[in-house]
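Q: Give me the fold of what follows.
(one chain, ligands or ions: 1)
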Amino acid sequence: MKYQKVVDYIKELYGNQDFTPLSVPVFIGNEKKYLNECIDTSFVSSVGKFVDRFEDLVAEYTGAKRAVVCVNGTNALHMAMMLVGVERGDEVLTQALTFIATCNAISYIGAHPVFIDVDRETMGLSPVALKNWLEENAEVKNGVCYNKRTGHRVKACVPMHTFGHPCKIEDIGAVCQEYHLELVEDAAESIGSLYKGKHTGTFGKVGALSFNGNKTITTGGGGMLLFNDEGLGKLAKHLTTQAKVPHRWEFVHDHIGYNYRMPNINAALGCAQMEYLEEYVLSKRATAQRYKEFFQNETEVEFFTEPENCRSNYWLNVVILKDKEAQLQFLQETNDNGVMTRPIWELMNRLPMFEHCEHDSLENTIWFADRVVNIPSSVRMSSNGKVL
Ligand SMILES: Cc1ncc(COP(=O)(O)O)c(C=O)c1O
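A: The predicted structure follows:
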């Protein structure tokens, strides 16, 4: 078997279990205590102290002025699209190398994704490719950006911090400013990841996090919107809670609202998980360092490391194989031998819903699709239940 050494190493790293999963949550703090509190007080649903506390904890941790909880990352992104004014028929520039939710959120509005290539150093949206596409295809009239060929308004740009590695968000922001595009960050995978010391998801007008079960911390299902603009955060809170006008007993709503608020019971989990977030990120970074050292001695398998000036949470560790054939063999051998590994998502422009969408050459995107494999990345635990 070609990748026997890799299989053995990963198994040993994770305590020689029969099966090593890709990414599983860790509950070693106050989770049960806070959940019991919800049940004992009957505050399990849309009202309760954990909702506000979770928002405050995430705002403080990320440095955002305001954080607003959602039921999941997908509806956080949907809400973000609405908040920046994306409308039916608009075009939104994003990556083909992303999880489906980024594009679904754009589509819920009736807008169309346009796929821009990613960088080889980050796996995230390339500011150079973004600028090239805009120079070739867009014009700004009266402060509004249009696609010259389709005539559609180009309203926003949604880069994604792929597998937790920050993309070149400052340069992307500068291009967006030049072309009057709203910047929304899909930071679903990057809680704990910093670009030049600043938390991902806080560079654009809105950032979206996910707390799905496979993420660095989880609330079962959950998401969070990040804002630097208090007013926009306040509006998000209103719209995600059915747009109800506050009153002691009346049911008056002043807008089409959404039931996107996270229940207290999920937020309770979130509060407990936040108490360990930094420890988990440091542990994941230490695991990445172990992988880096191991793969330095491997020819034909390269370990993907964090981009310059960044601190990555290494949500899912990435190895790059030499070509598609090697990628398939690596997937086959690891999965056959109890080590869960996965290829990158099918590219968005290859899915039936999005195959008609515009895209650039996607040269690096395709290069990654043919080579990337995610390897086990859970927080490692000692046999006595301590974070390693
Ligand atoms: C890049 C990206 N965007 C959005 C989401 C959607 O988050 P959720 O699963 O919480 O809806 C995820 C993860 O699940 C993701 O990886």
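
Q: Point out the other helices and strands that the longest helix belonging to the chain packs with.
A: In the chain, assigned by DSSP state H, the helix with the most residues is helix 277-296. The elements that helix 277-296 packs onto, with contact taken as 3 or more CB pairs under 8 Å, 6 or more residues apart in numbering; DSSP states H and E, are helix 4-13, strand 301-303, strand 317-321. All C-beta atoms are positioned from the backbone trio N, CA, C, and that covers glycine.

Q: got the angle between the longest one and strand 317-321?
A: An angle of 170 degrees separates the directions of helix 4-13 and strand 317-321 when computed by axes from the mean of the first three to the mean of the last three CA atoms, to 10 degrees.

Q: Mind telling me which residue of the stretch 51-200 of the chain is nearest the ligand?
A: G73 (2.5 Å; CB to the nearest ligand atom).

Q: mind checking how far the closest residue to that residue other than its chain neighbours is from the ligand?
A: Leaving aside its chain neighbours, G73 sits nearest to S210 (2.9 Å; criterion: CB to CB, 6 or more residues apart in numbering). As judged by CB to the nearest ligand atom, to the nearest Å, S210 and the ligand stand 3 Å apart.

Q: wait, doesn't S210 sit right on S190?
A: No - taking contacts as CB atoms under 8 Å, S210 lies outside contact range of S190: 9.6 Å.

Q: So if I had to pick from these two, which one is more boxed in?
A: S190 (31 against 28; other CB atoms under 10 Å).

Q: Nearest spatial neighbour of that one, chain-adjacent residues omitted?
A: Closest to S190 by CB to CB, 6+ apart is H161, at 3.7 Å.

Q: sorry, back to before: got a list of what the residue nearest to G73 touches?
A: Neighbour list for S210: 72-74, 76, 101, 188-189, 222-223 [criterion: CB atoms under 8 Å, 6 or more residues apart in numbering].

Q: E308 now?
A: Applying CB under 8 Å, 6+ apart, we find E308 in contact with E121.

Q: same question, A208
A: Counting by CB under 8 Å, 6+ apart, the residues that A208 touches are 70, 73, 76-77, 80, 184-188, 201, 223-226.

Q: give me that answer again for 10 Å
A: A208 makes contact with 70, 72-81, 101-102, 105, 158, 160, 184-188, 201, 223-226 under the criterion CB atoms under 10 Å, 6 or more residues apart in numbering.

Q: what helix or strand is it on?
A: Using DSSP states H and E, A208 falls within strand 206-210.

Q: Neighbouring strands of that strand in the sheet, and parallel or not?
A: When pairs are called by DSSP bridges, strand 206-210 turns out to pair with strand 182-186 (parallel), strand 223-227 (antiparallel).

Q: Turn those into CSV, columns for mean neighbour count.
A: CSV is the format used below for the strands paired with strand 206-210 (neighbours: other CB atoms under 10 Å):
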stretch, mean neighbour count
strand 182-186, 26
strand 223-227, 29
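
Q: any chance of those strands in CSV, with mean pLDDT and distance to the ligand too?
A: Converted to CSV, these look like this (pLDDT from 0 to 100; distance: least, CB to the nearest ligand atom, whole Å):
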stretch, mean pLDDT, distance to the ligand
strand 182-186, 98, 5
strand 223-227, 98, 5
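
Q: closest one to A96 among those?
A: strand 182-186 (13.2 Å; CB to CB).

Q: Can you give the distance of the closest one from its chain's centre?
A: Computed by CA atoms, centre = their mean, to the nearest Å, the separation of strand 182-186 from the middle of its chain amounts to 12 Å.

Q: ok, the next helix or strand after it: who's next to it in the sheet?
A: Later in the chain than strand 182-186, the nearest helix or strand by DSSP H and E is strand 194-195. Sheet pairing for strand 194-195, assigned by DSSP bridges, gives strand 198-199 (antiparallel), strand 310-311 (antiparallel).

Q: what's the burial count for the closest residue to T218 other than its chain neighbours?
A: Ranked by CB to CB, 6+ apart and with sequence neighbours excluded, the top spatial neighbour of T218 is P25, at 4.6 Å. Per other CB under 10 Å, the neighbour tally for P25 reads 20.

Q: switch to numbering from 52
A: Sounds good: first residue 52 from here, last item P76.

Q: surely P76 meets G271?
A: Yes - contact criterion CB atoms under 10 Å: P76 and G271 qualify, at 9.0 Å.

Q: where do the contact lists of the two overlap?
A: Here P76 and G271 have 262-264, 320 as joint contacts, going by CB under 10 Å, 6+ apart.

Q: Separate out the buried members of the residues you listed.
A: 262-263, 320 (16 or more other CB atoms under 10 Å).
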